[in-house]
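[1] Okay, sequence plus prediction incoming.
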Amino acid sequence: MDSSPISSSASLSTPKFRCFDPTNSYTTTTPNHTPIPRHRNNYKGTLANSTYPNPLQDNPAYSVVKQYFVNVDDTVAQRIVVAKDSPRGTHFRRAGPRQKVYFESEDVHACIVTCGGLCPGLNTVIREIVCGLYHMYGVHKVLGIEGGYRGFYARNTIPLTPKVVNDIHKRGGTILGSSRGGHDTSKIVDSIQDRGINQVYIIGGDGTQKGASVIFEEIRRRGLKVVLAGIPKTIDNDIPVIDKSFGFIAMYATLASRDVDCCLIPESPFYLEGPGGLFEYIEKRLKEHGHMVIVMAEGAGQELLSESIRANDQQDASGNKLLNDVGLWISQRIKDHFKKRKMAINLKYIDPTYMIRAVPSNASDNVYCTLLAHSAVHGAMAGYTGFTVGPVNGRHAYIPFRRVIETQNKVVITDRMWARLLCSTNQPSFLDHKDVVGDENEEVPQIQSINGENHLEARATKHRELKDVTEDTREEEPPILLVNGNSHLETIMANQK
Ligand SMILES: Nc1ncnc2c1ncn2[C@@H]1O[C@H](COP(=O)(O)OP(=O)(O)O)[C@@H](O)[C@H]1O
Ligand SMILES: O=P(O)(O)OC[C@H]1O[C@](O)(COP(=O)(O)O)[C@@H](O)[C@@H]1O
């Protein structure tokens, strides 16, 4: 029986379910204190007791593994660096196979859905959920829901077997299709209920996890014995708590490729004109090297657009704000600037969007996606529910939906990783030391989190007003490659050759 301190069996709200800590996590106050469960309300992070032996114990592939099963008491700490006598912080349930499982294999009827924007790796996750269920747990009823959330009530389904998914990880996109919008909680849960599904695997970004959380609440409200597992994907790294996700990010692509001379991201406001501005840097770089590559992440420099252009409150079907295409606007500003300075340049602007989003995943993401999928399967088989799986400080954990939807991850531009990028490109930071030092008593966040950077915005605005100070002419046309979106530079560079 599961005797985890974070899954107290003390309070039963219905005869069917055991009542659990709402976050599947707990917080300790001091190093010596016993874990204190948080919010002991009516949240249920698991179905009833796991009673069946895990079929993995008879699997020859795993019989060689010492201590293969994860102790039900094991947790993963969200904060691993803590000052003496400071709170220990939140702990999450450690992911992995349990000695006892909640479901008997033949009783499982699982389904998989992919939602939101495409991301390299979706097919790998689908493949590994199907193969994990089949080969590790002997589960043979797995259904693919086509076309995202709306597919639950409006589209077809595909039976998924290891044979069907065998090669899909070599292809981009998702074999199930995806969509934005169309989240109708009632209809989705009706469909889950009508089809007799008891394990739901939902792969998607922050919007998808929000949708999953609402479905989870409805499932609970109806008292259904259905587990819901979220697998996070994100092209823009905005899911908090987890160390990383699969997909591509302008910052990491820049760091990895070393081909980029300047990477512009929304978290780091920049300005065009005057000392320390983008134009000055472009000119310097072109004079030094004769060419340069600028990467613009989606959403970078929105604040540079005038009020009239920015007055765009449109949203996509999922409610995401539609961003303006700053890349095109900046391309024109760069051209105008150098024309005025009588310096000939040859600027090529490329917006790769789905060329990036729809490529197959790379080797490292394939392995990462496999771990995510297997962790989700182990959790679901053990009867855990309402979680997103992901690595926290390097160890996979089951993170309650609430934790991953309450905030958005951002790049912290006063962290070492952004400094590494600045160091690798040599681009200006668009900051002064005094902007960075700020309040010396301010606590450095341990994970990337939302931080108010308004002083940076103010400075960027100030510099935007500055005018050119020198005139110069050149005859050659040094090329600039401006790459927009969440860039996968290998693709871009290959397309250029
Ligand atoms: N707050 C929300 N509540 C319920 N469903 C949501 C919510 N936000 C997004 N969704 C649904 O999740 C799906 C994916 O969301 P979207 O924002 O397009 O992509 P992503 O998951 O990649 O961020 C869509 O079907 C959308 O309707
Ligand atoms: O590339 P598309 O389909 O136009 O979507 C753009 C949306 O996707 C995002 O880049 C987020 O990607 P995710 O789908 O990974 O959450 C948003 O920032 C933006 O709203």
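    Perfect, thanks for sending it. Numbers count the residues shown, from 1 in each chain. Ligands and ions are numbered 1, 2, ... in the order given.
[2] What about whichever residue of the stretch 351-497 of the chain sits closest to ligand 1, how many residues nearby?
    Here the residue of the stretch 351-497 of the chain nearest ligand 1 is Ile405; by Cβ to the nearest ligand atom that distance is 7.7 Å. No exception for glycine: its C-beta is placed from N, CA and C like everyone else's. When counting by other Cβ atoms under 10 Å, one arrives at 21 neighbours for Ile405.
[3] what does Glu106 give?
    For Glu106, the tally of surrounding residues (other Cβ under 10 Å) stands at 10.
[4] Surely it forms part of a helix?
    Yes - with DSSP: H, G, I helix; E, B strand; the rest coil as the criterion, Glu106 is assigned to a helix.
[5] residue contacts, it?
    Glu106 sits next to 138, 140 when contact means Cβ atoms under 8 Å, 6 or more residues apart in numbering.
[6] ok, now with 10 Å
    Neighbouring residues of Glu106 by Cβ atoms under 10 Å, 6 or more residues apart in numbering: 138-141.
[7] Look up how far Gln199 lies from it.
    As judged by Cβ to Cβ, to the nearest Å, Glu106 and Gln199 stand 13 Å apart.
[8] Identify the contacts common to those two.
    Counting by Cβ under 10 Å, 6+ apart, the common neighbours of Glu106 and Gln199 are 139, 141.
[9] ranges for the helices of the stretch 351-497 of the chain?
    Remark: helices assigned in the stretch 351-497 of the chain by DSSP state H, counting those that start in this stretch are 353-357, 363-381, 401-405, 416-425, 433-437, 454-464, 489-496.
[10] Can you check what pLDDT the model gives Ser13?
    On pLDDT, Ser13 comes in at 27.
[11] actually His135, sorry about that
    We have a pLDDT of 96 for His135.
[12] Kindly report the same for Cys369.
    As predicted, Cys369 sits at a pLDDT of 97.
[13] That one - how many residues pack around it?
    27.
[14] Give me the nearest residue to it, chain neighbours excluded.
    Leaving aside its chain neighbours, Cys369 sits nearest to Thr124 (3.9 Å; criterion: Cβ to Cβ, 6 or more residues apart in numbering).
[15] I'd say that neighbour and Asn366 touch.
    Yes - applying Cβ atoms under 10 Å as the test, Thr124 and Asn366 come out as touching, 5.1 Å apart.
[16] Among these two, which residue is more densely surrounded?
    Higher neighbour count among Thr124 and Asn366: Thr124, with 25 against 20, using other Cβ under 10 Å.
[17] The contacts of Glu106 into CSV, with extra columns for distance to Asp351?
    Formatted as CSV, the contacts of Glu106 follow (distance: Cβ to Cβ, whole Å):
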residue, distance to Asp351
Gly138, 47
Val139, 42
His140, 44
Lys141, 43
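[18] nearest to Gly45, of those residues?
    Set against Gly45, the nearest of the contacts of Glu106 by Cβ to Cβ is Val139 (21.5 Å).
[19] pLDDT at that closest one, what is it?
    98.
[20] Show me what from this structure comes close to ligand 2.
    Residues of the chain that fall close to ligand 2, judged by Cβ under 6 Å from any ligand atom: 116-117, 119, 205-206, 234-236, 298, 320, 353.
[21] Quick one: buried ones out of those residues?
    Neighbour-count burial (16 or more other Cβ atoms under 10 Å) applied to the residues of the chain next to ligand 2 gives 116-117, 119, 205-206, 234-236, 298, 320.
[22] thinking again about what came up before, show me the residues around the residue of the stretch 351-497 of the chain closest to ligand 1 that make contact.
    Here Ile405 is in contact with 206-214, 230, 239-240, 388 (Cβ under 10 Å, 6+ apart).
[23] let's go with 8 Å and repeat that
    By Cβ under 8 Å, 6+ apart, the neighbours of Ile405 are 206, 209-210, 213.
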